[in-house]
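Predicted model, plus sequence, below.
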Amino acid sequence: MAGKLLDKVYGAKCTDETRALYDDWAASYDAEIAENGYATPRRCAEALAGFAADKSAPVLDFGCGTGLSGLALRAAGCDVIDGLDLSENMLDQARAKGIYRSLDLIGPDDPLPFAPGAYAAIAAIGVIGVGAAPLDTFDLLMNGLGRGGLFVFSFNDHALQHPEYDARVNAWVDPGAARLLFREHGDHLPGKNIKSMVYVIEKN
């Protein structure tokens, strides 16, 4: 069983298929990911903590899944964390960890349920990419930040094979709408020999 659902996720063709896969995966997700050395949550959380002026300010964990990203954010010093995810079964697992102030379901076409600037930082850790949230999610989350807000996110090697992912970052950074603070390629799932690029950008 190990690796079976992890291998399938990159082949998901649509949001409904992705949601169904994560609903099925929820109970075994943490164990399967752990045995492959999932490193991106820690890397993202530590990168964000290096630039966050006030770690007591609220952080949104978008695509929080079972809460592994929230655990990493908490370990890095973030005190107030809210989570959004499209899988109710994943949210049940996150709820059991007891680290989130709030956890809510969000549909693929839903607007963000808060006003821009409500969060000092937004995290999308292992969320945007092939077989996961579409690239337009990047703009949705950037538009949810206020001026000076931080966005920490990752693109794994499957996403980085497609130039449009880095191009979307550049579409914000190059004209000065955002400032790139951090960019580092490193471990994602060492057990699968997959790496990821971690970024922190600040909205201007």
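Cool, got the structure. Residues are numbered from 1 along each chain as shown.

all strands of this structure, in order?
59-62, 81-85, 102-105, 121-124, 150-156, 178-189, 194-203 (DSSP state E).

possible to save the ones you listed as CSV with mean pLDDT and mean neighbour count?
(Glycine included, C-beta is placed from N, CA and C.) Output for these, formatted as CSV (pLDDT from 0 to 100; neighbours: other CB atoms under 10 Å):
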stretch, mean pLDDT, mean neighbour count
strand 59-62, 98, 28
strand 81-85, 98, 24
strand 102-105, 97, 14
strand 121-124, 98, 27
strand 150-156, 98, 26
strand 178-189, 97, 16
strand 194-203, 98, 22
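
Please convert the ones you listed to TSV, extending it with distance to Ala133.
TSV is the format used below for the strands of the chain (distance: least, CB to CB, whole Å):
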stretch	distance to Ala133
strand 59-62	8
strand 81-85	10
strand 102-105	14
strand 121-124	7
strand 150-156	10
strand 178-189	16
strand 194-203	15
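
Determine which of those approaches Ser28 most closely.
strand 178-189 (15.3 Å; CB to CB).

Can you tell me the strand partners of that closest one and which way each runs?
strand 194-203 (antiparallel) (DSSP bridges).

outside of the strand it pairs with, which residues touch it?
Contacts of strand 194-203 from elsewhere in the structure, counted by CB atoms under 8 Å, 6 or more residues apart in numbering, are 40, 43-44, 47-48, 50-51, 126, 142, 145-158, 160, 169, 172-173, 177-188.

Tell me, please, where in this protein the pLDDT is lower than the cut-off.
1-20, 22-23, 25-26 (pLDDT under 70).

For burial, what's the neighbour tally of the residue nearest to Ala75 when sequence neighbours are not counted?
Spatially, and ignoring its direct neighbours in sequence, Ala75 is nearest to Ala45 (6.7 Å; CB to CB, 6 or more residues apart in numbering). Other residues within reach of Ala45, judged by other CB atoms under 10 Å, total 26.

tell me the contacts of Ala45?
Ala45 neighbours (CB under 8 Å, 6+ apart): 69, 72-73, 75-76, 78, 123, 125, 152.

Of those, just say which sits nearest to Ala94.
Nearest member of these to Ala94, counting by CB to CB, is Ser69, at 9.1 Å.

Which residues are in contact with that closest one?
41, 44-45, 61, 63, 123, 125-126.

Restricted to helices, list those residues.
Those of the contacts of Ser69 mapping onto helices are 41, 44-45, per DSSP state H.

wait, Glu46 sits on Ala76?
Yes. Using CB atoms under 8 Å, Glu46 makes contact with Ala76 at a distance of 5.4 Å.

since we're on the closest residue to Asn143 other than its chain neighbours, how many residues are nearby?
Excluding the flanking residues, the one nearest Asn143 by CB to CB, 6+ apart is Pro116, at 6.5 Å. By other CB under 10 Å, 14 other residues sit near Pro116.

contacting residues around Pro116?
With CB under 8 Å, 6+ apart, Pro116 has these contacts: 143-146.

Would you write a PyMOL line that selects the buried entries of these?
Applying 16 or more other CB atoms under 10 Å to these leaves a buried subset, and the PyMOL line that selects it is:
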select buried, resi 144+145
